[in-house]
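Student: Give me a 3D structure for the following:
(one chain, ligands or ions: 1)
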Amino acid sequence: MREDAGVSPTPTSPRRIDQSNVPRSFDVHARSYDRLVGANPGYHDHLRLSARRMGIPNRGAGLRLLDLGCGTGASTAALLDAAPDAEITAVDASMEMIAQARRKSWPSRVRFVHGNAEELHRIKITGPYDGVLAAYLLRNLADRDAALRRFHALLAPGAPLALHEYSVRDSARSRVTWTGVCWSVIIPMGRVRTGSGDLYRYLWRSVLEFDGVSALTGRMAAAGFDDVRVQTVPGWQQDIVHTFLGRRPAAPVPSRAAPGLEALTPPSGTDLTKAPV
Ligand SMILES: C[S@@+](CC[C@H](N)C(=O)[O-])C[C@H]1O[C@@H](n2cnc3c(N)ncnc32)[C@H](O)[C@@H]1O
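Tutor: Predicted coordinates for the structure are as follows:
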């Protein structure tokens, strides 16, 4: 299904990429994005792993899932793989990334919506959803605590959030590996394939500046998520890419009703004057 299908004419890259203009930079790099991530071993497998870790029951039959920051649809495909019978809404703020996603073939239960994950009410994304996946999104948002609270509010009681993210801050080894891979492979490859390494230099820098595992799990707990857990992925990305899982707490079980008056009424015939004191 298509929504808001216009494509901007010639996107230009912002001078310095930061959280305020990331989607515009993705507009510029949208056409080469799939080729670049396809050259990253494990990229799609790891997304599928995170989607499976959400534990969506029953192939997602009758459930509504949300993919925030869906890009060209790699994370949407992972969600679909984990829950082939679910209804999936995929949102991205880059018109060009969404346009690339829509060029692919999808079942009618999948729809792509152009919009900002920080202003979901504007595109009428209100929930409740039975699961939310946000792959490589949170790092790109300016107010992460507010974003997590909004994601929490979108979920049905007991439903999972999976953040699939780079997080290297807590490990010197991970930071060294990340910097080595970025400057020897990712940035040069980005420059060759797109004529500019700007987005990939931003990727390197933003990952180094992003939360470590303990800070991010703390943020999730502070936003109200229960059962917060982290698992990494295999390959060179081990201890670099992680699935951060949390759940909106299940609805409280109603306490048993107080006994009715009839339970307090003595059986007929009881002589209360003879009751023991
Ligand atoms: C690295 S890509 C990841 C795409 C996809 N999830 C994947 O795993 O391949 C990050 C995406 O987040 C989108 N994005 C960044 N900030 C956003 C925002 N505020 N709202 C919605 N999408 C945003 C970008 O446009 C980009 O498509």
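Student: which residues sit in contact with the one residue in the chain that gets nearest to the ligand?
Tutor: Distance from the ligand to each residue of the chain (Cβ to the nearest ligand atom) is smallest for residue 71, at 2.5 Å. Where you see a C-beta, it was placed from the backbone N, CA and C, and this is true even at glycine. Listed by Cβ atoms under 8 Å, 6 or more residues apart in numbering, the contact partners of residue 71 are 26, 33, 92, 94, 97, 100, 101, 135, 136.
Student: among these, which are in helices?
Tutor: The helices in this structure, assigned by DSSP state H, contain 26, 33, 97, 100, 101 from the contacts of residue 71.
Student: For those, could you give me JSON lines that also reports distance to the ligand and pLDDT?
Tutor: As requested, the ones in helices among the contacts of residue 71 are arranged in JSON lines below (distance: Cβ to the nearest ligand atom, whole Å; pLDDT from 0 to 100):
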{"residue": "26", "distance to the ligand": "4", "pLDDT": "89"}
{"residue": "33", "distance to the ligand": "7", "pLDDT": "92"}
{"residue": "97", "distance to the ligand": "4", "pLDDT": "97"}
{"residue": "100", "distance to the ligand": "9", "pLDDT": "98"}
{"residue": "101", "distance to the ligand": "9", "pLDDT": "98"}
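Student: can you put these in JSON lines and add neighbour count?
Tutor: Formatted as JSON lines, the entries for those read as follows, by neighbours: other Cβ atoms under 10 Å:
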{"residue": "26", "neighbour count": "26"}
{"residue": "33", "neighbour count": "20"}
{"residue": "97", "neighbour count": "24"}
{"residue": "100", "neighbour count": "21"}
{"residue": "101", "neighbour count": "25"}
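Student: Out of the residues you listed, give me the two with the largest separation.
Tutor: 26 and 101 (11.5 Å; Cβ to Cβ).
Student: Quickly list what's touching both of these two.
Tutor: With Cβ under 8 Å, 6+ apart applied, the overlap between the contact sets of residue 26 and residue 101 consists of 71, 92.
Student: tell me which residues form a beta bridge with residue 111?
Tutor: Beta-bridge partners for residue 111, by DSSP bridges, are residue 89.
Student: cool, residue 131 as well?
Tutor: Listed beta-bridge partners, residue 131: residue 65 (assigned using DSSP bridges).
Student: interface residues of the chain facing the ligand?
Tutor: For the chain, the residues in contact with the ligand under the definition Cβ under 6 Å from any ligand atom are 22-23, 26, 47, 69-71, 74-75, 92-94, 97, 116-118, 135-137, 140-141.
Student: Show me just the buried residues among those residues.
Tutor: Among the residues of the chain next to the ligand, those buried by neighbour count (16 or more other Cβ atoms under 10 Å) are 22-23, 26, 47, 69-71, 74-75, 92-94, 97, 117, 135-137, 140-141.
Student: Now do the same contact list for residue 44.
Tutor: When contacts are counted by Cβ under 8 Å, 6+ apart, residue 44 touches 37, 38, 74, 77, 78.
Student: let's see 7 Å
Tutor: The neighbours of residue 44, taking Cβ atoms under 7 Å, 6 or more residues apart in numbering as the test, are 74, 78.
Student: Can you pull out the low-pLDDT segments for the stretch 151-277 of the chain?
Tutor: Under the criterion of pLDDT under 70, the regions of the stretch 151-277 of the chain flagged as low confidence span 255-277.
Student: need the helices for it, in chain order.
Tutor: Secondary structure of the stretch 151-277 of the chain, counting by DSSP state H, counting those that start in this stretch: helices at 172-181, 187-194, 198-209, 213-222, 261-264.
Student: by contact count, what packs against the first one?
Tutor: Secondary-structure packing of helix 172-181 (3 or more Cβ pairs under 7 Å, 6 or more residues apart in numbering; DSSP states H and E): helix 198-209.
Student: any chance of the ones in helices among the contacts of residue 71 in CSV, with distance to residue 246 too?
Tutor: What follows is the ones in helices among the contacts of residue 71, written out as CSV (distance: Cβ to Cβ, whole Å):
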residue, distance to residue 246
26, 26
33, 28
97, 26
100, 30
101, 26
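Student: just the residues you listed now: which is nearest residue 173?
Tutor: Ranked by distance to residue 173 (Cβ to Cβ), the ones in helices among the contacts of residue 71 are led by residue 33 at 28.4 Å.
Student: Distance of that closest one relative to residue 136?
Tutor: With distances defined as Cβ to Cβ, to the nearest Å, the gap from residue 33 to residue 136 amounts to 11 Å.
Student: Many thanks, have a good one.
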